[in-house]
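S.K.: the amino acid sequence is not available; the structure is as follows:
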């Protein structure tokens, strides 16, 4: 067998520590594997990975028995304690020691891949005297390549073709094709897309801005690997973010029928393989029931309408965000006992043999960490991962994908850090910014052209994003056929009372244009409750709508309290006891726990009757009762001749419901469920029905009409990422909403607005209140001052590992014949 093989293959050699390397490697880099290296394997793994990826010959000196790190290790630490880059180091250490090296420990170098190739197909034979490593059954001489899988021109390898080690593992001695352009679609791919699709070897980061053709790149990359480069189908897996994306990818590749899974179906597959059968998946109703069973007594004490929802959010933050349960519980006021609930909840899932949505991923991570041989068996099916929407991945998603992609970590990640808008779930632009820390030696293939949006939108979005500091530097240009006309991106500023009418004018103006169908129009908002105004106003104007907003929005804490105050304001002969009970703690008044029961002894009350209770209670409670009576009087007075808006403003500002909701927001759990936004949503429709007495029935009636699937889409921006329309109006771009007052990351807020405006293909309008002007409007135009970047973080969240293990065993599928 010719030693050391063609220089281009970059083969190394393994020797016993202290021995002289064979002559071809006398000047090569030497790496010592001894007890010290195994105690802290990260540096030596990093160096070996770099040499393997770059095909740099290396001499590995073994001062330990290789059996020490042959078996795949286990990490038993609870996953939430780990960083997304956690790995059993021996997975890579064992692989990199033997993947592309001769074994010269006994003196004469042995190329074990040739020995294995003899076993792969009958009639194959190792050829120690050349001209290459083996002779295939058809008589073709071929090299067996142990490096990263790539196309090879036989002319660069002494005229002999190549069989890759993965094909040997699959027991097929298929020849690696020479470099070829990607299939029949080459002419339809732009140069930047073609560069990504034709990527040669190893991991790659594809930054794909809005409208740049990322789905096309992903599907053509799949086709290129399976059809043009003859990769074994069982080693290639595409991972879509959700079911819709999975179906889209599958529909575009029916000719090659690749394996495509969603993140959750991937996790469920891992669990099914580990348990022997697929565990049943609880739906949300069943999940809520289980949480409620484990929270005896707590549910009744919660004032919110959905006391279970915050616990579900907390369980997600722990499992997908890999966050300490105590930190999650301490960060919000609506999940007492969450840290105690978490292990009990998982124990109940395990005892019943079921999983919920998040446990599909978290349980898969746990199985991969704790069962090394099992992990190694699944890695053979995940040699080449293609991952969509990389910016939306949570820490648990990244950890699961890395554990499956080990040891080569060949991941083709497609995403856009500028579209990372799910920070509340743990998504972090750092996963793309620091991609090479997760997948060493990754090549960057940026897509640079937005083919979707008008030129003004492309430039406006780029200008807005230019105010962010934590992002991948990129240049985004409009496509040659994009609409370059002036006025395709407009900012329309209105007064505080006419947001809904202006939105109606914009939408009806579009619908009056020739050939504009309602289904080609969308109205998007930052938060759910702000959809109330366009939802009601467009329906009142006779415009068909397909709205995500349902009547349940009226049952949220702030909405319920405000509507109860309106009913009190409209009650001329006394108000319902139930309405007074509803508003007792909105705002908090410190009334004793028995007070609601006292009120419910009669069905109706007047202000005077309420105030009279002060004479029947201890002095320290009397003042609180009188304060309640005073607040009720303010509301009743406002309702006498006042409009719906006037009553709501009194309730918000004078009674203090606004302050109470703001306090609840600050101590609550998340920016996606602001109670103060609920009041803003009601005020947005108050002028459409100024009679306080008829307002609530009128409002509820608007939800009794069925949604029209062919109507104007009404949705939050977070719900529609990945979708597009001809005309898009972004509603409610006002200070406190965009950027949101509860948001901790101002840069993510810019990304949210950017995602909103880049949903539009032909026309985009941004609607804002001139009296509460969003700072982002100036940034969209580039007129706002620029601020210096914040100080750099002490450590990247991608590499915040808290692991303490130093696993010492691993395997990648190369059998024990070497050691």
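M.R.: Looks like it came in fine. Because the structure is a prediction, the values reported are computed rather than measured.
S.K.: could you use CA atoms for every contact and neighbour count after this?
M.R.: Noted.
S.K.: could you chop this structure up by domain?
M.R.: Following automatic domain parsing, the chain resolves into domains at 7-178, 284-354, 488-550+703-781, 554-677.
S.K.: all strands of the stretch 201-350 of the chain, in order?
M.R.: With strands called from DSSP state E, counting those that start in this stretch, the stretch 201-350 of the chain shows them at 204-207, 236-240, 260-262.
S.K.: tell me which of these is the most buried.
M.R.: Per residue and on average, the most neighbours among these fall to strand 204-207, with a mean of 26 (mean count of other CA atoms under 10 Å).
S.K.: strand partners (parallel or antiparallel) of it?
M.R.: strand 411-415 (parallel), strand 443-444 (parallel) (DSSP bridges).
S.K.: turn these into a markdown table, columns for mean neighbour count.
M.R.: Rendered in a markdown table, the data for the strands paired with strand 204-207 read as follows (neighbours: other CA atoms under 10 Å):
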| stretch | mean neighbour count |
| --- | --- |
| strand 411-415 | 26 |
| strand 443-444 | 18 |
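S.K.: with distance to residue 790 and mean pLDDT added, can I get these in a markdown table?
M.R.: A markdown table is the format used below for the strands paired with strand 204-207 (distance: least, CA to CA, whole Å; pLDDT from 0 to 100):
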| stretch | distance to residue 790 | mean pLDDT |
| --- | --- | --- |
| strand 411-415 | 25 | 98 |
| strand 443-444 | 26 | 98 |
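S.K.: closest one to residue 468 among those?
M.R.: strand 411-415 (17.4 Å; CA to CA).
S.K.: what about residue 295, how many residues close to it?
M.R.: Using other CA atoms under 10 Å, residue 295 is surrounded by 17 other residues.
S.K.: wait, what's in contact with it?
M.R.: Residues in contact with residue 295 (CA atoms under 8 Å, 6 or more residues apart in numbering) are residue 341.
S.K.: check the gap between it and residue 511 for me.
M.R.: 51 Å (CA to CA, to the nearest Å).
S.K.: low pLDDT regions in this protein?
M.R.: 1, 184-187, 297-305, 666-673, 792-819 (pLDDT under 70).
S.K.: most remote residue from it's center?
M.R.: residue 615 (57.7 Å; CA atoms, centre = their mean).
S.K.: sticking with the spatially closest residue to it that is not a sequence neighbour, tell me its helix or strand.
M.R.: Spatial nearest neighbour of residue 615, excluding adjacent residues (CA to CA, 6 or more residues apart in numbering): residue 622 at 6.9 Å. Under the criterion of DSSP states H and E, residue 622 resides in helix 619-639.
S.K.: so which bits of that helix are buried?
M.R.: 621-626, 628-636, 638-639 (16 or more other CA atoms under 10 Å).
S.K.: who does that helix touch, helix- and strand-wise?
M.R.: helix 557-569, helix 607-612, helix 644-649 (3 or more CA pairs under 8 Å, 6 or more residues apart in numbering; DSSP states H and E).
S.K.: again, only using 6 Å
M.R.: helix 557-569, helix 607-612 (3 or more CA pairs under 6 Å, 6 or more residues apart in numbering; DSSP states H and E).
S.K.: relative to residue 131, which of those is closest?
M.R.: Comparing the helices and strands packed on helix 619-639 under CA to CA, the one sitting nearest is helix 557-569, at 78.6 Å.
S.K.: centre of the chain versus that closest one, how much separation?
M.R.: Centroid separation for helix 557-569 versus its chain: 36 Å, with CA atoms, centre = their mean, to the nearest Å.
S.K.: repeat for stretch 744-760
M.R.: How far stretch 744-760 lies from its chain's middle: 15 Å, per CA atoms, centre = their mean.
S.K.: what number of residues lie near the residue nearest to residue 576 when sequence neighbours are not counted?
M.R.: Leaving aside its chain neighbours, residue 576 sits nearest to residue 604 (4.4 Å; criterion: CA to CA, 6+ apart). Counted with other CA under 10 Å, the neighbours of residue 604 add up to 18.
S.K.: distance check, residue 407 against residue 504.
M.R.: 56 Å.
S.K.: let me redo that: residue 688
M.R.: Distance from residue 688 to residue 504, by CA to CA: 12 Å.
S.K.: as a check, name the ranges of all helices in the stretch 451-600 of the chain.
M.R.: Ranges of helices within the stretch 451-600 of the chain are 455-465, 499-511, 532-540, 557-569, 577-583, 595-599, based on DSSP state H, counting those that start in this stretch.
S.K.: residues making contact with stretch 315-325?
M.R.: 80, 339, 362, 394, 395, 396, 426 (CA atoms under 6 Å, 6 or more residues apart in numbering).
S.K.: what are the buried residues along that stretch?
M.R.: 315, 316, 317, 318, 319, 320, 321, 322, 323, 324, 325.
S.K.: cool, and stretch 674-692?
M.R.: Quick answer for stretch 674-692 (16+ other CA under 10 Å): 674-692.
S.K.: from the residues you listed, which ones fall inside helices?
M.R.: 675-686, 692 (DSSP state H).
S.K.: which one among those residues gets closest to residue 157?
M.R.: residue 677 (66.6 Å).
S.K.: from residue 529, how far out is the closest one?
M.R.: 6 Å.
S.K.: spell out which residues are contacts of both of these two.
M.R.: By CA under 6 Å, 6+ apart, no residue touches both residue 677 and residue 529.
S.K.: quick check, residue 449 in contact with residue 211.
M.R.: No: here residue 449 lies out of contact with residue 211, judged by CA atoms under 6 Å, at a distance of 7.5 Å.
S.K.: about what we covered before: can you redo the strands paired with strand 204-207 as JSON lines, where the extra columns are distance to residue 237?
M.R.: Shown next, in JSON lines, are the strands paired with strand 204-207 (distance: least, CA to CA, whole Å):
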{"stretch": "strand 411-415", "distance to residue 237": "10"}
{"stretch": "strand 443-444", "distance to residue 237": "19"}
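S.K.: ok, which of these comes nearest residue 538?
M.R.: strand 411-415 (34.9 Å).
S.K.: returning to what we had before: CSV for the strands of the stretch 201-350 of the chain, including distance to residue 70?
M.R.: Formatted as CSV, those follow (distance: least, CA to CA, whole Å):
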stretch, distance to residue 70
strand 204-207, 28
strand 236-240, 25
strand 260-262, 30
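S.K.: residue 601 in helix, strand or coil?
M.R.: coil (DSSP: H, G, I helix; E, B strand; the rest coil).
S.K.: do you know how far it is from residue 579?
M.R.: 14 Å.
S.K.: quick one: which of the two has more around it?
M.R.: residue 579 (19 against 9).
S.K.: my read: that one touches residue 564, true?
M.R.: Yes: counting by CA under 6 Å, residue 579 touches residue 564, with 5.2 Å between them.
S.K.: helices of the stretch 101-250 of the chain, residue ranges please.
M.R.: 112-120, 165-169, 191-197, 214-223, 243-251.
S.K.: output those helices as a markdown table; include the columns mean neighbour count.
M.R.: Formatted as a markdown table, the helices of the stretch 101-250 of the chain follow (neighbours: other CA under 10 Å):
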| stretch | mean neighbour count |
| --- | --- |
| helix 112-120 | 21 |
| helix 165-169 | 21 |
| helix 191-197 | 21 |
| helix 214-223 | 22 |
| helix 243-251 | 16 |
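S.K.: can you add distance to residue 732 and give those back as TSV?
M.R.: Below are the helices of the stretch 101-250 of the chain laid out as TSV (distance: least, CA to CA, whole Å):
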stretch	distance to residue 732
helix 112-120	63
helix 165-169	54
helix 191-197	36
helix 214-223	30
helix 243-251	28
